[in-house]
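J.: No letters, just coordinates:
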């Protein structure tokens, strides 16, 4: 009998771990990059989360067909939980992972040993499982954020004042809100993430990561508090990449690109393989180029060319480190277009738009930016219209969709067939007023229900 068959129908069917939570390998957007991120977190972040990270590393190692490494990581998780005298329920996911993996490897005696340990875990198992789901799905990437959100929500129903659960819920809300970028910055009073981040910080005023995330949510509305939060976080954790990269993002958005670059360069020394850091540095140089042009410098001047060239170098580094970084690819294509290297820019857009693994938001972003490239670099409004229409038909109300609509109206005002474009916009707007299909609603926020309670 196969491992999958036993998991579905046999004695392992109620084990609670990543091996049984219906995680599709193809849904992990950056499988190769996950281990490095987690090992960085183990190196720099609070110890209380390390056992969870080792469990995720074990699962990823299994997906990468490295069973010995997977067992070693589970061993580290179990040892850490014992050293910290954690509650029995906290061992459940680690024991379940061991049982599943030993069965998969044909180690029957070891499997039975860990099944016995699973059965002996005490009360509070369901709560521990939901929290573990929250942290695990949060670290596996954007496609799992809705499931992470549900895990933390269910854990908080049982323990509403748990610091860890409130922090996890705050972080996943921040990530989910970040997936939909609007033209107008959401006010803190209208942001569930901002409210939850403040609640988490009230429960633990020393959490530097919560500080910087809250500062980013408050940016543009409460500058004094933002600066206080950023400075406090950097003072508390000056060498932690997870803190410095968010602080650098804050400074870039605040217009102080040099300060941002300085912080990012220091962070890159400690995390030299971080695609995120190089992407952010590229954005800083891109912003410098934009600022120069807005001040009156022309595209061909040495200063503008230098900033553009440096942004290309950094975007290239970002995508080399993480080929699945869609937004870095789009920025690289845009930088190539800005430097008139059109033969390098267009193939990037074409490849991205044939990638079936992209999310709807990523597709919408690519269509909008490709449309702008065709409109301004290729001077081909006909093809640009096609891209803007495809972007606008994706029902995610964000900056990209707003930009696609804006460009379509601009073209319509000058084109002979402008009435056709306006009719298209009217028809899509009419569709928008219809209720969204149930399936789409599920994709945009609903997660899977809690699995059947364990009956081992």
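T.: Great, that's in hand. Predicted, not measured: the structure shown is a model, and the values here were computed from it. Numbers count the residues shown, from 1 in each chain.

J.: ok, residue 185 - contacts?
T.: Shown in contact with residue 185 (C-beta atoms under 8 Å, 6 or more residues apart in numbering): 219-221. Heads up, the C-betas are built off the backbone N, CA and C, glycines and all.

J.: what about 7 Å?
T.: By C-beta atoms under 7 Å, 6 or more residues apart in numbering, the contact list for residue 185 reads residue 220.

J.: Ramachandran angles for it?
T.: Note on residue 185: its backbone torsions stand at phi -60, psi 130 [degrees, to the nearest 10].

J.: Hmm, residue 369 is touching residue 334, no?
T.: Yes - taking C-beta atoms under 7 Å as the definition, residue 369 is a contact partner of residue 334 at 6.4 Å.

J.: where exactly do the helices run in the stretch 201-350 of the chain?
T.: 208-218, 223-236, 241-253, 257-270, 275-294, 302-321, 326-338, 342-352 (DSSP state H, counting those that start in this stretch).

J.: mind checking how far the last one is from the chain centre?
T.: Same thing as helix 342-352. 24 Å (C-alpha atoms, centre = their mean, to the nearest Å).

J.: how about the following helix or strand past it: buried residues?
T.: Once helix 342-352 ends, the next helix or strand along the chain (criterion: DSSP states H and E) is helix 360-376. Using 16 or more other C-beta atoms under 10 Å as the test for burial, helix 360-376 gives 361-375.

J.: what do you get for stretch 117-129?
T.: 117-118, 121, 125-129.

J.: ditto for stretch 26-39
T.: By neighbour count on 16+ other C-beta under 10 Å, the buried set for stretch 26-39 is 28-31, 33-38.

J.: got it, and stretch 400-411?
T.: Within stretch 400-411, the residues that count as buried by 16+ other C-beta under 10 Å are 400-405, 407-408, 411.

J.: which residue sits closest to the residue nearest to the spatial centre of the chain in space, ignoring its chain neighbours?
T.: Nearest to the mean C-alpha position of the chain, counting by C-alpha atoms, centre = their mean, stands residue 142 at 4.5 Å. Spatial nearest neighbour of residue 142, chain neighbours left out: residue 179 (6.2 Å); criterion: C-beta to C-beta, 6 or more residues apart in numbering.

J.: Same check on residue 88?
T.: Nearest non-adjacent residue to residue 88, counting by C-beta to C-beta, 6+ apart: residue 122, 4.2 Å away.

J.: Likewise for residue 328?
T.: residue 318 (4.1 Å).

J.: Let me see the contact set for that neighbour.
T.: By C-beta under 7 Å, 6+ apart, the neighbours of residue 318 are 275, 278-279, 282, 325, 328.

J.: Distance check, it against residue 359.
T.: 19 Å (C-beta to C-beta, to the nearest Å).

J.: just residue 197 next, same as before
T.: Taking C-beta to C-beta, one finds residue 197 at 24 Å from residue 359.

J.: of these two, who's got more company?
T.: Legend: neighbour count by other C-beta atoms under 10 Å for residue 197 and residue 359, higher for residue 197 (31 against 15).

J.: which residues of the chain score low on pLDDT?
T.: 1-10, 181, 183, 435-456 (pLDDT under 70).

J.: now do 80
T.: Within the chain, the ranges that satisfy pLDDT under 80 run 1-11, 13, 122-123, 180-185, 417, 434-456.

J.: Can you name every helix or strand that whatever helix or strand residue 406 lives in contacts?
T.: If you go by DSSP H and E, residue 406 is part of helix 399-414. Using 3 or more C-beta pairs under 7 Å, 6 or more residues apart in numbering; DSSP states H and E, the elements in contact with helix 399-414 are helix 360-376, helix 381-393, helix 418-432.

J.: could I get these as a markdown table with distance to residue 258?
T.: Shown next, in a markdown table, are these (distance: least, C-beta to C-beta, whole Å):
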| stretch | distance to residue 258 |
| --- | --- |
| helix 360-376 | 27 |
| helix 381-393 | 34 |
| helix 418-432 | 42 |
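
J.: which one of the ones you listed lies closest to residue 248?
T.: The closest of these to residue 248 is helix 360-376. By C-beta to C-beta, the value is 22.1 Å.

J.: just how off-centre is the closest one within its chain?
T.: 20 Å.

J.: tilt between that helix and helix 399-414?
T.: With axes from the mean of the first three to the mean of the last three C-alpha atoms, to 10 degrees defining the directions, helix 360-376 sits at 30 degrees from helix 399-414.
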